[in-house]
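> model this:
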Amino acid sequence: MVYLTRKAEFAASHYYHNPEFTPEQNRALFGKCNNPNGHGHNYTLEVTVKGSVDPTSGFVVDLKQLKDVMNREVLDAMDHRFLNKEVPEFLHQIPTTENIAIAIWQRLAPKLKAAQLHRVRVYETPDLFVDFYGEA
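I've put the predicted structure just below:
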């Protein structure tokens with residue numbers, strides 16, 4: 001089994017808000033992150049796939065195809081977007097880093113043919129990241 005990781009970056013804004021909470025509860029739980037005007041992050045995404053090396057091509061997966069899927073399913077949809085208002089998964093779900101990682105997994109997993117998705121890692125800052133392995 002060979003593991004291969006491709007990295008990409010995107011920028012997005014969001015805010016944390018639970019519509020079932022009062023304004024006071026939202027401010028208490030989310031603090032500055034509850035600002036309805038949002039705040040932004042430069043995210044780093046790592047997508048790790050696993051599989052056997054194809055004896056004909058020598059690849060686990062064609063890197064261009066993996067890049068194209070990541071661009072189409074994630075970057076085109078999330079880069080320079082206000083996640084709460086422009087990305088369907090977050091119209092009714094809080095776009096935490098954890099939920100972003102899960103949404104990316106759900107977008108990518110069915111699109112990969114040659115290799116199996118192993119891990120999605122989303123960095124919100126250089127020292128904060130979330131790993132998701134598909135067990136949600």
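> what about the closest residue to Glu46 other than its chain neighbours, distance to Pro110?
Take Glu46 and drop its neighbours on the chain: the residue closest to it by Cβ to Cβ, 6 or more residues apart in numbering is Arg121, 4.1 Å away. (Each C-beta comes from the backbone N, C-alpha and C, glycine too.) Going from Arg121 to Pro110 by Cβ to Cβ, to the nearest Å gives 19 Å.
> His118 now?
Relative to Pro110, and taking Cβ to Cβ, His118 is found at 15 Å.
> So these two - more neighbours on which side?
Taking other Cβ atoms under 10 Å, His118 and Pro110 do not tie; His118 has more neighbours (16 against 9).
> What strand or helix carries that one?
Assigned by DSSP states H and E, His118 belongs to strand 116-125.
> ditto for His17
Applying DSSP H and E, one finds His17 in no helix or strand.
> same deal with Ala101?
Judged by DSSP H and E, Ala101 forms part of helix 97-108.
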